[in-house]
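In: Have a look; sequence and predicted model below, questions after that.
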Amino acid sequence: MRRIYTAAEMRRAEQWAVNRGVSFEELMENAGQGVAKDLLKRINDGRLAKPHCVLIICGKGNNAGDGLVIARVLAEQSISVKLLFVLGHELSELAQLNLDRLAPFNIEFSDDADESLFNDEVDWIIDAVFGTGYIGELPEHVARVMALANQAEAYRITLDVSTGLNCDSGQLAEHTFDADLCYAFAAYKPAHFMPNGKSKSGEIICLDIGV
Ligand SMILES: NC(=O)C1=CN([C@@H]2O[C@H](COP(=O)(O)OP(=O)(O)OC[C@H]3O[C@@H](n4cnc5c(N)ncnc54)[C@H](OP(=O)(O)O)[C@@H]3O)[C@@H](O)[C@H]2O)[C@@H](O)CC1
Ligand SMILES: [K+]
């Protein structure tokens, strides 16, 4: 059955899962591990080339937390990972926990969205800035980073929803992340089926994360 949840319905479903005994931490781990597993499968069966370098653009909420789980799994596979933080370093508790777990790995961190970060070395860009928690307008400096990501010669992957796209209304900001591949967590979001949202999501895969 195809589930389509708004941001509010998603939060309720996550809370029910937690009430049944799954932790938020496990849900995040399942989300990140699920994405990494699918990406590694695509490398193994030849649908994607193994990347030399993956740039993960992180916000400060749990969407960033998912990205940081993926960073760990890719680093464990000896894939070079760079992290760019665009909303500062005051992260959600779970994002911080997963950032701390990257300490044993040699991962470059930056909060300077310099054009040189988006060079030819980067084969994949993962958008972990905003998911279902995005409200209001896309901050100008984030829009600038998304524009650089969209111009880069890289394969673009987004987590849950493309940054700049409102998952409930389908409203698009200028320079919304233009994904080739989108991983929706637990359920599709309404915008995935709206023309605006479809145009910025690429192939959409819905992953079961235990919700
Ligand atoms: N919950 C769970 O168990 C699981 C959740 N999962 C993942 O979490 C995602 C939802 O996470 P989330 O709720 O933390 O929101 P997210 O999209 O990361 O961003 C919110 C942050 O951005 C900020 N912000 C918002 N709008 C803004 C704006 N216009 N301009 C500037 N800032 C703005 C806002 O900050 P605030 O304004 O509140 O200070 C807040 O800090 C979901 O899509 C899925 O990927 C999975 O791991 C599975 C388990
Ligand atoms: K995202």
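Out: Structure's in. What do you need? Residues are numbered from 1 along each chain as shown. Ligands and ions are numbered 1, 2, ... in the order given.

In: Check what pLDDT L99 gets.
Out: L99 carries a pLDDT value of 98.

In: Isn't L159 up against A179?
Out: No: at 9.4 Å, L159 does not count as touching A179 under the criterion of Cβ atoms under 8 Å. All C-beta atoms are positioned from the backbone trio N, CA, C, and that covers glycine.

In: overlap in contacts of these two?
Out: When contacts are counted by Cβ atoms under 8 Å, 6 or more residues apart in numbering, L159 and A179 are jointly contacted by D127.

In: For stretch 72-91, what does the pLDDT average out to?
Out: 97.

In: how about that stretch, does it reach ligand 2?
Out: No: Stretch 72-91 does not reach ligand 2 (Cβ under 5 Å from the ion); its nearest approach is 11.6 Å.

In: Pull out the buried residues from that stretch.
Out: 72-75, 79-87, 91 (16 or more other Cβ atoms under 10 Å).

In: May I see the residues you listed arranged in JSON lines, with secondary structure as well?
Out: Formatted as JSON lines, the buried residues of stretch 72-91 follow (DSSP: H, G, I helix; E, B strand; the rest coil):
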{"residue": "R72", "secondary structure": "helix"}
{"residue": "V73", "secondary structure": "helix"}
{"residue": "L74", "secondary structure": "helix"}
{"residue": "A75", "secondary structure": "helix"}
{"residue": "I79", "secondary structure": "coil"}
{"residue": "S80", "secondary structure": "strand"}
{"residue": "V81", "secondary structure": "strand"}
{"residue": "K82", "secondary structure": "strand"}
{"residue": "L83", "secondary structure": "strand"}
{"residue": "L84", "secondary structure": "strand"}
{"residue": "F85", "secondary structure": "strand"}
{"residue": "V86", "secondary structure": "coil"}
{"residue": "L87", "secondary structure": "coil"}
{"residue": "L91", "secondary structure": "coil"}
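
In: Intersect those residues with the contacts of ligand 1.
Out: Filtering these for proximity to ligand 1 by Cβ under 6 Å from any ligand atom leaves L87.

In: from the buried residues of stretch 72-91, which two are the most distant?
Out: Greatest spacing in the buried residues of stretch 72-91, by Cβ to Cβ: I79 and L87 (24.5 Å).

In: so who does Y5 touch?
Out: Contact partners of Y5, counting by Cβ under 8 Å, 6+ apart, are 13, 186-189.

In: just A113 next, same as before
Out: Applying Cβ under 8 Å, 6+ apart, the residues near A113 are 84, 86, 141, 144-145, 148.

In: would you list every one of the helices in the protein?
Out: Counting by DSSP state H, the chain has these helices, from start to end: 7-19, 24-44, 62-76, 93-100, 140-151, 195-199.

In: The longest one - what's its average pLDDT?
Out: Same thing as helix 24-44. 98.

In: ok, now the first one?
Out: Model confidence over helix 7-19, given as mean pLDDT, is 95.

In: elements contacting it?
Out: Applying 3 or more Cβ pairs under 8 Å, 6 or more residues apart in numbering; DSSP states H and E, we find helix 7-19 packed against helix 24-44.
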